[in-house]
Structures are given as structure tokens and as C-alpha cells.
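S.K.: Quick check, what structure comes out for this input:
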Amino acid sequence: MIVDLRSDTVTRPTAAMRAVMANADVGDDVFGEDPTVNRLEATVAERLGKEAALYVPSGTQANQIAIRCLTEPGDEVILEQSAHPFLYEAGGPAVISGVTLRLVPGVDGVMDPAAVRAAVRPPNVHHTVPRLLSVENTANRGGGTVTSVARCQALSDVARAAGMNTHLDGARLWNAHVATGDPLADFAAPFDIVNVCFSKGLGAPVGSVLVGPAALMPKARRVRKMLGGGMRQAGILAAACLYALDHHLARLADDHARALRLWEGLTALGYSARRPDTNMIYITTPDAHALAARLGEHGVRCIALAADQVRLVTHLDVDDAQVEFAVGVFEWVRG
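M.R.: So this is what the prediction gives:
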């Protein structure tokens, strides 16, 4: 048996999802003529309580479009020190938007409003202008941690008081919604612009959607074009996202339950890990790379994200039997 716990991005489209993709009604999305893309954008905007939406190829591109739309060159973006735009987007904010990043330490990836307030420097000719606060929810490197609706609002309040715009990197916002039961629109409300991803927990092969004010979308569409993100008959891909919304959203609770079962099994064996909020477990171990290699040899794929940290992610393609198998392999390699 092979259990792939490296990421929730490794999921493959189900047979039913492939069928709706094959039969999707399509047109040229760059001309705004793809009916399936238009339906996806309208659906996501409505669910998140925003005026308009834009379908883009990836979460990284969605983040970069958001930053470009809400800043000017020379501005400063405040975000948590392990946030995706800082760690995993190849210096995009500097190259694409000409901005600097000011990093705020968080607890399990979640920022304290007081720390954000302290990071906002007063106006001074020598300083960059703090223009944008970006929040990642759930926080990947924090362990799939949820930033609550109340904390989102408090962070936004600090940003507003400082004259800043706000962005929510909601690549895994679906997980936060299912874990807490709080409406997606409540998570999105404090932010000017929000992006959500379909190719992670929801199991679609490609795509993210950026939502925000209708007045901002022409600029977002132009930046998407600039970055090469304008796709043609993209309805084939958007159909998978719509199917995922209808069939794979509520079942994220299964991923969370399996992550909890995996955590219970591992901690019973003596492994050190924070109890998961959602579908991620981060094991603290002094030999992370060696442990990941040994697990892989016995059929459990995972990633060592640091010398002392192994990440495990449950998802659509991991069932109960695979979780139990993984616990058994962890016991075996521990000896």
C-alpha cells in the first residue's frame, strides 16, 4: 500500500469529476465568453459575499494579483513570517509589484493584532508605506491552523486604522469553514480581496478564484493577462471546481477526522505533534529528513519541511484504512 500524505495537492479528479469536465459548456474566457467559468465566478462571489470574481490558474497567481491590485511599487506588505507569499512564491511580490514584505511573528501561523499594530511604522520620508495586510487562512506552515472570524476582524480593524488595504489568502479557507461551521462570507467580510483554491482539499486539478469589489476586477483581469493567466476554453477546468463545491466541500470533515485519528495514533506512539485544527499534522523530530526517507521506503510519503519538522496532510485520496496503515508504518520505523 502507498499512502501519499505529502500534500492535499496530490489528489486526482474522480471519475464523476472527469465526466463533468468532459461535458462542460465552454467558450473563450479571455473574451468573457466561457459560460462555465462565468458560472463559477458568480457562484464563488455569492458564497463569499463579494461583488465579483476572477478565475485564475493557481493560488500563487491569485496572491500576486491581489498584491499588485492593492499596492504600488515601494509599498510595504505586512504578513506572518511563514506566510505563503513570503516562503513559496519565488520573490513574486518584489518582482511583480515592487513591494517589500514586513514579517510579523505569529503563534502557529496566526498573527496577534497587537503585533501587527506594532509593525506599522509612522509616516516618515525614510520609511516604506504600509499599504497591505495579508492573512493566510488556514495557515499552512502553522499546521493548518484556523484564524477565527473574530481574529480576522480584529486584524482588519488594525489595518483599517492604519489606512491599509486587506487581503485574505484563503487557499484552504474551505477547511476553516468546515472546521468551525462559520460561514465563508463571515471569514471573507473583513477583507478587500480574497482568494480561494480548488486544487487542494476540494480535489479539482487546477484553479483558484479571486473575489472582491466589481470596480477592482478589470485591473485584476489585466494583471492576470500580464502574468499569462488568461486561459481560453477554461470551462473544462471550471467545471471541476463547480463539481468540487457541490460534492467535496462538506466531506472535508472526513479529512479533518482522519488527521485527528492520525495524530492520536502518532502521539500514542510518542511522536510530538500539535493537535490538528484541520487536515495537517506537523511532527517535531530531530531527524526529520531521515524519518521521511524511512517512511517513504515503507509506503508512507511525506515531506520534511525543515530539519526538525515533518508534515502530513490528509485529503480526498486518503481513506480510513490508509490512516491505520500509516500509523503502523510510523510504529515500525520507530522500532
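S.K.: Buried residues, stretch 295-307. List them.
M.R.: Residues of stretch 295-307 classed as buried by neighbour count (16 or more other CB atoms under 10 Å): L295, H298, V300, R301, C302, I303, A304, L305. Just so you know, the C-beta spots here come from the backbone N, C-alpha and C atoms, and that holds for glycine as well.
S.K.: Span of it from start to end?
M.R.: For stretch 295-307, the separation between the terminal residues is 15 Å (CA to CA, to the nearest Å).
S.K.: cool, stretch 177-192 as well?
M.R.: Separation of the first and last residues of stretch 177-192 by CA to CA is 19 Å.
S.K.: if we can go back for a sec, quick check: the two most widely separated of the buried residues of stretch 295-307?
M.R.: Of all pairs drawn from these, the widest gap by CB to CB lies between H298 and L305 and measures 20.1 Å.
S.K.: check contacts around C69.
M.R.: Residues counted as contacts of C69 (CB atoms under 8 Å, 6 or more residues apart in numbering) are I193, G212, L216, K219, A220, V223.
S.K.: can you rerun that using 10 Å?
M.R.: When contacts are counted by CB atoms under 10 Å, 6 or more residues apart in numbering, C69 touches 97, 132, 165, 167, 192-193, 210, 212-213, 216-217, 219-220, 222-223.
S.K.: for G170, same thing?
M.R.: Neighbour list for G170: 48, 59, 62, 135-138, 147, 176-177, 184, 187-188, 191, 194-197, 208-211 [criterion: CB under 10 Å, 6+ apart].
S.K.: With S134 as the reference, measure out to it.
M.R.: Remark: distance between G170 and S134 (CB to CB, to the nearest Å) = 11 Å.
S.K.: joint contacts of the two?
M.R.: In terms of CB under 10 Å, 6+ apart, G170 and S134 are both contacted by the residues F191.
S.K.: What is the burial count for D34?
M.R.: For D34, the neighbour count with other CB atoms under 10 Å is 26.
S.K.: confidence score at R334?
M.R.: pLDDT, R334: 83.
S.K.: Look up the closest residue to it, ignoring the ones flanking it.
M.R.: The shortest distance from R334 to any residue other than its chain neighbours is 6.1 Å, reached at L269 (CB to CB, 6 or more residues apart in numbering).
S.K.: So what pairs up with L79 in the strands?
M.R.: Bridge pairing for L79 (DSSP bridges) gives the partners L103, S134.
S.K.: Correct me if wrong: V146 contacts G181.
M.R.: No - applying CB atoms under 10 Å, one finds V146 not in contact with G181, separated by 11.1 Å.
S.K.: Give me the more crowded residue out of the two.
M.R.: Comparing V146 with G181 by other CB under 10 Å, the one with more neighbours is V146, at 25 against 6.
S.K.: who are the neighbours in contact with the more buried one?
M.R.: Remark: with contacts taken as CB under 10 Å, 6+ apart, V146 is in contact with 108-110, 137-139, 152, 172-173, 175-177, 179-180, 182, 187, 277-278.
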